[in-house]
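> Sequence first, predicted coordinates after that:
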Amino acid sequence: MSKKEKIRKTPFEKAIADAKKFKENMNLYYSVVLMAETAIVLDKTDTAHPEDISLIEMLDDTIVQFSEFIEERGDAWN
């Protein structure tokens, strides 16, 4: 018997895990939408203000954190 067959979740446990994964994916999606909106606003600004520079750094840091999070889940970051 393989390890997979030994550890079988009940339908209720599977549903809970699926709901948690869905919530995680929706939070990730919402964060990406906010990042995209921030990038659009920063792209439209003509001059670099000190506030813009901190937003750019925050955006860069967030992208790095997303890539690490995605790789930890076993997915590929492109």
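Yep, it's here.
> Now do the helix or strand harbouring Asp61, average pLDDT.
Assessed by DSSP states H and E, Asp61 sits inside helix 50-72. Averaging pLDDT along helix 50-72 yields 79.
> give me the number of residues near Asp75?
10 (other Cβ atoms under 10 Å). Where C-beta positions appear, they are placed from N, C-alpha and C, glycine not excepted.
> How about the secondary structure of it?
coil (DSSP: H, G, I helix; E, B strand; the rest coil).
> That one: what's it in contact with?
Asp75 makes no contacts at all, as judged by Cβ atoms under 8 Å, 6 or more residues apart in numbering.
> what are the phi and psi angles of it?
phi -90, psi 170 (degrees, to the nearest 10).
> So which residue is dead centre in this structure?
Centroid check for the chain by Cα atoms, centre = their mean gives Leu28 as the closest residue, at 3.6 Å.
> before we move on, back to that, on contacts alone, who are the packing partners of the helix holding Asp61?
Here helix 50-72 touches helix 11-44, going by 3 or more Cβ pairs under 8 Å, 6 or more residues apart in numbering; DSSP states H and E.
> So for the helix holding Asp61, what gets flagged as buried?
Buried residues in helix 50-72, counted by 16 or more other Cβ atoms under 10 Å: Leu55, Leu59.
> okay, that helix in PDB with CA atoms only?
Presented in PDB, the C-alpha positions along helix 50-72 are these (Å, rounded to 0.1, in the frame of the first residue of the first chain):
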ATOM      1  CA  PRO A  50       9.700  60.400  -3.200                       C
ATOM      2  CA  GLU A  51       6.300  58.800  -2.500                       C
ATOM      3  CA  ASP A  52       6.400  57.100  -5.900                       C
ATOM      4  CA  ILE A  53       9.900  55.700  -5.200                       C
ATOM      5  CA  SER A  54       8.600  54.100  -2.000                       C
ATOM      6  CA  LEU A  55       5.600  52.600  -3.900                       C
ATOM      7  CA  ILE A  56       7.900  51.200  -6.600                       C
ATOM      8  CA  GLU A  57      10.100  49.600  -3.900                       C
ATOM      9  CA  MET A  58       7.000  48.200  -2.200                       C
ATOM     10  CA  LEU A  59       5.800  46.800  -5.500                       C
ATOM     11  CA  ASP A  60       9.100  45.200  -6.200                       C
ATOM     12  CA  ASP A  61       9.200  43.600  -2.700                       C
ATOM     13  CA  THR A  62       5.700  42.400  -3.100                       C
ATOM     14  CA  ILE A  63       6.500  40.700  -6.400                       C
ATOM     15  CA  VAL A  64       9.500  39.000  -4.900                       C
ATOM     16  CA  GLN A  65       7.300  37.800  -2.000                       C
ATOM     17  CA  PHE A  66       4.600  36.500  -4.400                       C
ATOM     18  CA  SER A  67       7.200  34.600  -6.400                       C
ATOM     19  CA  GLU A  68       8.600  33.000  -3.200                       C
ATOM     20  CA  PHE A  69       5.100  32.100  -2.000                       C
ATOM     21  CA  ILE A  70       4.200  30.500  -5.300                       C
ATOM     22  CA  GLU A  71       7.400  28.500  -5.400                       C
ATOM     23  CA  GLU A  72       6.800  27.300  -1.800                       C
END
